[in-house]
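Asker: Below is the sequence, then the predicted model.
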Amino acid sequence: MSGQIPQRFIDDLLARVDVVEVVGERVKLKKAGRNHSGLCPFHQEKSPSFTVSADKQFYHCFGCGAHGNALRFLMEYENLRFPEAVEQLATRLGMEVPREGADDPRAQARERKRKEGVNLLELSASYYRERLKMPEGETARRYLEKRGLSPEVQQAFAIGYAPAGWEALKRHLLERGVAEAVQIEYGLLVHREESGRTYDRFRDRVMFPIRDIRGRTIAFGGRVLGDAKPKYLNSPETPVFHKGRELYGLYEARQANSRLERLVIVEGYMDVVALAQFGIRNAVATLGTSTSEEHLGRLFRMVGEVVFCFDGDRAGRQAAARALETVLPQMIDGRQARFMFLPEGEDPDTLVRREGPEAFEDRITCASPLSEFLFDHAAEGRDLATIEARERFASQVLSAIGKLPEGVLKSLLLTELSRRTGVDQSRFEALVMPPEVSEAEPPLVADTPGGGEGVRSLPERGSGSTGGALSLMGRVLQLLVHEPRLVERLPEEGDWYPGEDPEARLCLEVERLLRAGRYRSAQVLLAHFHGTPEGERLAELARRELLIPSGARAAELDGLVEHFQRHRLRPSHQEEVDALLSKQQQGERLSQEERQRLMTLLTELKG
């Protein structure tokens with residue numbers, strides 16, 4: 001049910017759950033004094049740097065910095081949204097999650113719609129599996145047998161069959177009360193506007209359910225058995241399916257091995273299933289799109305190494321170049337990316353059958369590291385014996401290096417580029433390293449005449465800034481993130497927020513959330529915004545050290561609010577000043593009261 005989850009329930013939930021048990025079911029832990037330790041599930045490591053404290057009910061990795069409570073762990077490890085993680089912990093303890101505002105008819109309607117979609121797709125997946133067993137599924141069964149897929153693999157991937165009839169699934173769902181409009185919305189029916197006709201999207205196809213990380217069917221892929229086009233067909237975008245986010249086979253890979261260390265990205269779902277048949281259970285496929293940053297972000301949270309698998313032709317090389325551009329910003333220290341190119345005319349399905357699984361695994365192991373592919377790709381078609389070609393080669397490599405996060409890999413690539421070109425490394429470093437920004441910032445609270453506290457203006461920075469001076473509203477946000485209890489000092493009325501400041505909208509949303517949930521934990525606050533641009537901004541403010549002493553933070557916030565309140569009336573004051581000045585410029589004499597008012601307004605505007 002939609003609605004705010006009360007803070008008191010979250011506190012009670014975290015008080016009852018044991019983070020050691022939650023983590024220990026997913027990570028192999030050993031007792032180490034009063035704590036437990038193990039290999040971090042969020043980055044690749046050989047010696048344990050990941051600790052879980054039963055006393056503090058907290059986990060922390062000294063290698064990658066991952067930390068949090070049981071809720072945070074579930075969100076990161078299972079890739080769950082905050083409400084889903086709460087639901088999972090509550091179910092574990094046999095508790096029902098209360099919702100504030102759950103009696104809102106619109107919230108109830110949204111929840112019914114979500115459940116309706118999930119139930120519809122699961123019902124359809126079950127229908128397709130049953131059809132495969134029926135006489136009408138004989139052709140599909142022969143096709144799967146010809147491709148060498150065992151019943152066990154077919155069951156693991158829940159493979160089914162869509163009958164050849166134009167309205168087979170449609171009638172099946174209508175008989176169970178599922179309206180045509182809902183079937184259309186979730187991509188199961190095609191609607192022709194010119195004729196008003198609706199019919200099954202998938203007909204006479206082997207069906208591959210696309211499942212999310214929790215195993216729920218969210219879409220389908222279908223492989224045609226006859227000569228119809230297209231050969232492969234995926235569900236369209238729907239309320240629960242987004243191609244740029246989901247990966248086929250990820251759920252099945254994690255079911256086969258919860259301690260995955262490497263994932264191979266291939267082109268299609270038939271490649272994933274064929275590799276699984278030969279015991280290679282760590283392959284996933286994108287769904288008609290290039291690998292996105294969101295894809296890679298999800299994968300690198302689960303494994304330390306990603307291997308891209310491409311055809312060896314020109315199109316495969318171009319696809320690899322696009323993948324390189326996408327993966328570069330993700331390459332923090334400890335992660336690996338490799339590029340594997342297949343012989344021309346082969347795909348993973350045909351190659352693993354011809355060479356066998358051991359040879360295919362060897363190809364994966366020997367795939368080109370990112371560094372090697374980067375230099376080879378930049379050198380392709382260039383005669384590096386000439387100065388001009390070396391310049392273009394170096395420029396292309398430098399452009400790629402500039403997209404990398406700061407770290408050891410970036411330094412090593414600059415060293416290698418220097419070796420290959422003969423140019424001093426410091427020259428390359430000057431071209432790619434960002435200018436240093438001083439983190440030293442003067443205090444905002446300053447003494448003002450009369451003994452009061454005022455706020456001194458600082459240079460304004462955009463809301464996306466990650467370094468240098470914060471804007472005044474950015475300071476308010478940082479204070480609330482570090483000490484949520486300070487929300488009680490904010491005025492009840494929100495008219496002090498500057499309407500033109502983009503961060504004011506986020507601050508207002510944070511204030512409302514803190515007041516509604518009475519949160520005292522920054523972790524819970526950040527969890528509500530997890531996976532959004534706003535969440536990234538708040539996380540950046542949380543990571544940034546708050547230089548104001550604890551005892552002075554309340555006064556700091558009071559001073560900031562006072563500043564915004566004092567300046568809130570400036571637009572109307574400015575209009576009054578302009579009117580008085582205009583009257584004076586037109587030759588009219590100002591009265592004593594008007595002259596006094598003008599002086600007062602000008603003084604305030606300068607303040």
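Answerer: Perfect, thanks for sending it. Numbers count the residues shown, from 1 in each chain.
Asker: looking at it, residue 480 is touching residue 508, isn't it?
Answerer: No - with contact defined as Cβ atoms under 8 Å, residue 480 does not count as touching residue 508 (10.9 Å). Quick note: C-beta positions are derived from backbone N, CA and C, even for glycine.
Asker: more neighbours, those two?
Answerer: Using other Cβ atoms under 10 Å as the criterion, residue 480 and residue 508 rank with residue 480 on top: 23 against 14.
Asker: Tell me if the more buried one really is in a helix.
Answerer: Yes - judged by DSSP: H, G, I helix; E, B strand; the rest coil, residue 480 forms part of a helix.
Asker: mind listing what residue 344 touches?
Answerer: By Cβ atoms under 8 Å, 6 or more residues apart in numbering, the residues touching residue 344 are 311-313.
Asker: What is the neighbour count of residue 496?
Answerer: Residue 496 - counted by other Cβ under 10 Å - has 17 other residues nearby.
Asker: swap in residue 37?
Answerer: Going by other Cβ under 10 Å, the residues that sit close to residue 37 add up to 17.
Asker: Can you show me the helices along the stretch 351-500 of the chain?
Answerer: Secondary structure of the stretch 351-500 of the chain (DSSP state H, counting those that start in this stretch): helices at 357-365, 370-379, 387-401, 408-421, 425-432, 472-482.
Asker: Adding mean pLDDT and distance to residue 58, write those helices out as CSV.
Answerer: Listed next are those as CSV, based on pLDDT from 0 to 100; distance: least, Cβ to Cβ, whole Å:
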stretch, mean pLDDT, distance to residue 58
helix 357-365, 95, 37
helix 370-379, 95, 34
helix 387-401, 93, 37
helix 408-421, 92, 28
helix 425-432, 84, 37
helix 472-482, 87, 17
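Asker: which of those sits most buried?
Answerer: Highest mean neighbour count of the helices of the stretch 351-500 of the chain: helix 472-482, a mean of 22 (counted as mean count of other Cβ atoms under 10 Å).
Asker: how about the following helix or strand past it: buried residues?
Answerer: In the C-terminal direction, the helix or strand that comes right after helix 472-482 (DSSP states H and E) is helix 502-517. Counting neighbours by 16 or more other Cβ atoms under 10 Å, one finds that the buried residues in helix 502-517 are 503-504, 506-507, 510-511, 513-514, 517.
Asker: Next: stretch 238-250.
Answerer: In stretch 238-250, counting by 16+ other Cβ under 10 Å, buried: 238, 240-241, 243, 245-250.
Asker: Using a markdown table, lay out the buried residues of helix 502-517 together with pLDDT and distance to residue 27.
Answerer: Below are the buried residues of helix 502-517 laid out as a markdown table (pLDDT from 0 to 100; distance: Cβ to Cβ, whole Å):
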| residue | pLDDT | distance to residue 27 |
| --- | --- | --- |
| 503 | 83 | 37 |
| 504 | 84 | 41 |
| 506 | 87 | 34 |
| 507 | 87 | 37 |
| 510 | 86 | 32 |
| 511 | 85 | 37 |
| 513 | 78 | 31 |
| 514 | 80 | 32 |
| 517 | 62 | 29 |
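Asker: what's the closest of those to residue 383?
Answerer: Among the buried residues of helix 502-517, residue 503 lies closest to residue 383 (Cβ to Cβ), at 51.8 Å.
Asker: quick one, what contacts that closest one?
Answerer: Per Cβ under 8 Å, 6+ apart, neighbours of residue 503: 463, 471, 473-474, 477, 537.
Asker: which element is residue 553 on?
Answerer: Residue 553 belongs to helix 553-568, assigned by DSSP H and E.
Asker: Flag the helix or strand of this structure with the lowest per-element mean pLDDT.
Answerer: Within the chain, no helix or strand scores below strand 445-447, which has a mean of 33 by mean pLDDT, DSSP states H and E.
Asker: tell me which residues in stretch 345-361 are buried?
Answerer: 347-349, 351-353, 355, 360-361.
Asker: Residues in contact with that stretch: which ones?
Answerer: 147-148, 266-268, 270-271, 274-275, 278-280, 283, 309, 311-312, 342-343, 363.
Asker: Need the distance between the two termini of it.
Answerer: Here the two ends of stretch 345-361 are set 19 Å apart, with distance taken as Cα to Cα, to the nearest Å.
Asker: Let me see the ranges of the strands in the stretch 51-200 of the chain.
Answerer: Taking DSSP state E, counting those that start in this stretch to define them, one finds strands in the stretch 51-200 of the chain at 58-61, 67-68, 160-162, 189-191, 198-200.
Asker: that older thread, narrow the contacts of residue 344 to those that are buried.
Answerer: Buried among the contacts of residue 344 (16+ other Cβ under 10 Å): residue 311.
Asker: could you dump the contacts of residue 344 to TSV with pLDDT, secondary structure and distance to residue 323?
Answerer: Shown next, in TSV, are the contacts of residue 344 (pLDDT from 0 to 100; DSSP: H, G, I helix; E, B strand; the rest coil; distance: Cβ to Cβ, whole Å):
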residue	pLDDT	secondary structure	distance to residue 323
311	88	strand	13
312	84	coil	15
313	86	coil	15
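Asker: which residues does residue 28 contact?
Answerer: 38-39, 259.
Asker: low pLDDT regions in this structure?
Answerer: Filtered on pLDDT under 70, the chain yields the residue ranges 1-3, 100-115, 118, 433-469, 499-500, 516-524, 530-531, 567-587, 598, 601-607.
Asker: Which of the buried residues of stretch 238-250 fall within strands?
Answerer: Per DSSP state E, strands hold no members of these.
Asker: how about these, which pair is most distant?
Answerer: The most distant members of the buried residues of stretch 238-250, if one measures by Cβ to Cβ, are 238 and 249, lying 19.6 Å apart.
Asker: sec struct for residue 233, please.
Answerer: Per three-state DSSP, residue 233 ends up strand.
Asker: so which of the strands of the stretch 51-200 of the chain comes closest to residue 328?
Answerer: Checked against Cβ to Cβ, the stretch from the strands of the stretch 51-200 of the chain lying closest is strand 58-61, at 23.6 Å.
Asker: which residues does the closest residue to residue 228 other than its chain neighbours contact?
Answerer: Among residues not flanking residue 228 along the chain, residue 204 sits closest, at 7.2 Å (Cβ to Cβ, 6 or more residues apart in numbering). When contacts are counted by Cβ under 8 Å, 6+ apart, residue 204 is found next to 162-164, 224-226, 228.
Asker: 10 Å instead, please
Answerer: Contacts for residue 204 (Cβ atoms under 10 Å, 6 or more residues apart in numbering) come out as 136, 139-140, 161-165, 168, 222, 224-226, 228.
Asker: Could you do residue 132 as well?
Answerer: Residue 132 touches 138, 140-141, 144, 154, 159-163, 206-207, counting by Cβ under 10 Å, 6+ apart.
Asker: cool, and residue 400?
Answerer: 324-325, 328, 370, 374-375, 377-378, 413, 417, 432.
Asker: try residue 331
Answerer: 296, 300, 337, 370, 403-405, 407, 409-410, 413.
Asker: so when I look at residue 37, I'm seeing a helix, right?
Answerer: No - using three-state DSSP, the assignment for residue 37 is strand, not a helix.
Asker: That one contacts residue 24, correct?
Answerer: No - assessed by Cβ atoms under 10 Å, residue 37 is found out of contact with residue 24, at 11.3 Å.
Asker: so what sits against both of those two?
Answerer: Common neighbours of residue 37 and residue 24 (Cβ under 10 Å, 6+ apart) are residue 52.
Asker: Pull up the gap between residue 532 and residue 240, please.
Answerer: 18 Å (Cβ to Cβ, to the nearest Å).
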